[in-house]
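>>> with the sequence up front, the predicted model follows.
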Amino acid sequence: MQSIPDSTSYNTEIFEDPDLLSGVVDAPPRLALEMADLIRFKASTLTAIGFQRNGVWGKETASQKVEHLGLMFGALAASPAGIVKGRGVPLGQLTFGLLIFPGVWDWYLQWREQRRGFYTKWEEDMLMVAMALTRAEVGWIRQHPELLTKGQPIEGLIAPEEIEFAARDWHGACDAFHRHAANRSREIQRVMRVHRDPFEPIMVVLEADSPLSEYRKITDEILERMPDENRYPRPAAEAVRSFLLLRLGLHLGLRQKNLRQLRLCPRGHFPTSERRLEDMKCGELRWSDRENGWEVLIPSVAFKNSGSSFFGQKPFRLILPDLLDLYKFLEAYIDKHRGVLLGSAKDPGTLFVKTVKTTSIDAAYDSTKFYEAWRSVIQRYGIYNPYTGRGAIKGLLPHGPHNLRDILATHILKQTGSYEQASYAIQDTPDVVQQHYGRFLPQDKAALAAKILNQVWEAA
C-alpha cells in the first residue's frame, strides 16, 4: 500500500477496503516521480514538446486514478503473509514499466476477485486505464520506454524472456499487452456483477407513480420543521440551505461537482463573464434583468461529459422557476442566512457554504463534505422515523446527491416514455439514460401505452 506525502497528493488510502489501512507505507521515490510525471502529462493544459495525448484529466479524475493505481501497486508490494495477502514485490522494483506485462494484471485482477468474490465494473475500468496508457502514439507508458530500464523478472508474474522482448521491441510489447487487456476486458464484461445497487437507497421513490412528487415531500418536511430564525439563526440558516440544496438539485439535475462549485453573483452585482467561468470550469447563479428571474449559467467545459452532443459546445443556461416560494427562500438565503453560515470566514464565492465553526478553515465544500451534507439532510428530513413520526418517506435510505439524477430521469421516463426527454433533465444523451439512469419498469411501459390507446375507447 503506497502513499506519497508531497505535492503529487499520491495517497492510496482506499476507504472501501479497511484491511488495507493498516499497511500504508511511503512509495519509493522512483515510483513517486513516475506518478507525478503521469499527472503532469494528463492534467496540464499543454503537453510537453515531443509528446502526444488523447484527453485531459480534471482534478477529480486525476485524484481517482492516483488512488486506483496506488491500490494496485500497494497490493503488489504487500506481504503474502499479511492481512492484505499481496504479492510481496520489493518496493525498489515497483515501476509503471511493470504495467505492460499481462502476468501482473492477471494476478491483480484475480486478487481483487478473490477478495470480493466476483468481478465488477471496477476491474473493467482499470483495464481501460491500462489500455489508454499503452495506446499507440498517445499512451503515456508507450511514450516512455525508459520505464523498463530497471525492470526485473518476477517469478510467476514476469518471465526473463518477456523482459528481453520488451527491451528489444518496446512498442511490440505494448501492442501485445494492449490486445491482452482488450480480451480480458471483454471476458470480465460477460461475468461482472453489480457490487452495490446504486438505486437501492431510493427504490421506494423510483417505484412511485410520480418519483419527483414523492421526493419533493422532503422539501415540505424541511419547511414544516423550519426553526424560528430570530431565536435560532444558525439552525434556521442550515434548514434553508438544506431546502435549497434539494430544490435546486431537483430543478437543475446537476452532478455533485457542478452543484457544489456553483458560484453566486448577488442581485445588483455584475455577473462573471462566460470566458472567466470557462477558465474556472464552474457555473454561476445570477439575476437576469432580461428574463426577470434567477439564471444558472454553466459553461459546457465544466461538465464531465462536455464533449456530449447534448451541449454542442454551448453553455447550460436555465431560468429557475419561481414556484412554491423558491425565490423567497433563495433571496433570504443570499441576503441573510448565507452570511450567518459564513460567520467571520472568508467568502469562497460559492452559493452553498459550510457552517463555519471555530475549528473551520475553509467555508467551501469539497466532494466529501458536500456528500456528507446531503446525506445528513436525507437522514434528518427524508427518512421516516416511526418512533418520532418525523421524516417524509418510509423506506428511504441514506444517499448522496447523485441519486437525484436517477429520480429525475426515471420520473420523466414514467411520464413520457422518452429517453430523449429524460436526457434533457440531466444534461446527457438518450443512450446514457437508457443504460444507466432509467429504471423504467415493464409494467410502467405497458401502462403508458395503454393510456394512449384507451383514449380511442374513451372518445367513442
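Right, received. Where do you want to start?

>>> alpha carbons only for contacts and neighbour counts from here, please
Noted.

>>> strands of the chain, start to end?
2-4, 10-11, 25-26, 263-264, 284-288, 293-298, 316-319 (DSSP state E).

>>> of all these, which one is nearest residue 353?
Of all those, strand 263-264 sits nearest to residue 353, with 10.3 Å by CA to CA.

>>> check which helices and strands that closest one sits against.
strand 284-288 (3 or more CA pairs under 8 Å, 6 or more residues apart in numbering; DSSP states H and E).

>>> could you list the paired strands of the strand it packs on along with their orientation?
Next to strand 284-288 in the sheet, as set by DSSP bridges, lie strand 263-264 (parallel), strand 293-298 (antiparallel).

>>> please save the CA atoms from that strand in CSV.
Only the C-alpha atoms of strand 284-288 are listed here, as CSV (Å, rounded to 0.1, in the frame of the first residue of the first chain):
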residue,chain,number,x,y,z
GLU,A,284,-22.8,30.8,-11.6
LEU,A,285,-26.2,31.8,-10.3
ARG,A,286,-27.0,35.4,-11.2
TRP,A,287,-30.1,37.6,-11.7
SER,A,288,-31.3,38.2,-15.2
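
>>> centre of the chain to that strand, how far?
25 Å (CA atoms, centre = their mean, to the nearest Å).

>>> just name the shakiest helix or strand of this protein by mean pLDDT.
One helix or strand of the chain scores below all others by mean pLDDT, DSSP states H and E: strand 10-11, with a mean of 36.

>>> just for the stretch 101-250 of the chain, where's the confidence low?
For the stretch 101-250 of the chain, applying pLDDT under 70 flags the ranges 194-197.

>>> in it, which spans are helices?
All helices of the stretch 101-250 of the chain, identified by DSSP state H, counting those that start in this stretch, fall at 102-116, 121-133, 160-168, 170-191, 203-206, 211-224, 233-252.

>>> could you list the domains of the chain?
2-191, 200-448 (automatic domain parsing).

>>> go through those and name the closest to residue 455.
domain 200-448 (11.5 Å).

>>> any idea how far stretch 424-437 is from the middle of the chain?
16 Å.

>>> give the buried residues for it.
Buried residues in stretch 424-437, defined by neighbour count with 16 or more other CA atoms under 10 Å: 424, 425, 426, 427, 428, 429, 430, 433, 434, 437.

>>> please apply the same query to stretch 417-426.
For stretch 417-426, using 16+ other CA under 10 Å, the buried residues are 417, 419, 420, 421, 422, 423, 424, 425, 426.

>>> the residue nearest to the last one when sequence neighbours are not counted and residue 268, how far apart?
Leaving aside its chain neighbours, residue 426 sits nearest to residue 253 (4.9 Å; criterion: CA to CA, 6 or more residues apart in numbering). Distance, residue 253 to residue 268, using CA to CA, to the nearest Å: 27 Å.

>>> and what of residue 325?
Applying CA to CA to residue 325 and residue 268 gives a distance of 21 Å.

>>> identify the bridge partners of residue 296.
Going by DSSP bridges, residue 296 forms beta bridges with residue 285, residue 318.

>>> and it, how far from residue 423?
Taking CA to CA, one finds residue 296 at 18 Å from residue 423.

>>> so what pLDDT did the residue nearest to residue 316 when sequence neighbours are not counted get?
Using CA to CA, 6+ apart and skipping the chain neighbours, the partner closest in space to residue 316 is residue 298 (5.0 Å). Residue 298 carries a pLDDT score of 91 in this model.

>>> which residues sit against stretch 103-112?
Stretch 103-112 is touched from outside by 72, 75, 76, 86, 98, 99, 119, 123, 156, 157, 158, with contacts defined as CA atoms under 8 Å, 6 or more residues apart in numbering.

>>> buried sites along that stretch?
So, applying 16+ other CA under 10 Å, buried residues of stretch 103-112: 103, 104, 105, 107, 108, 109, 111, 112.
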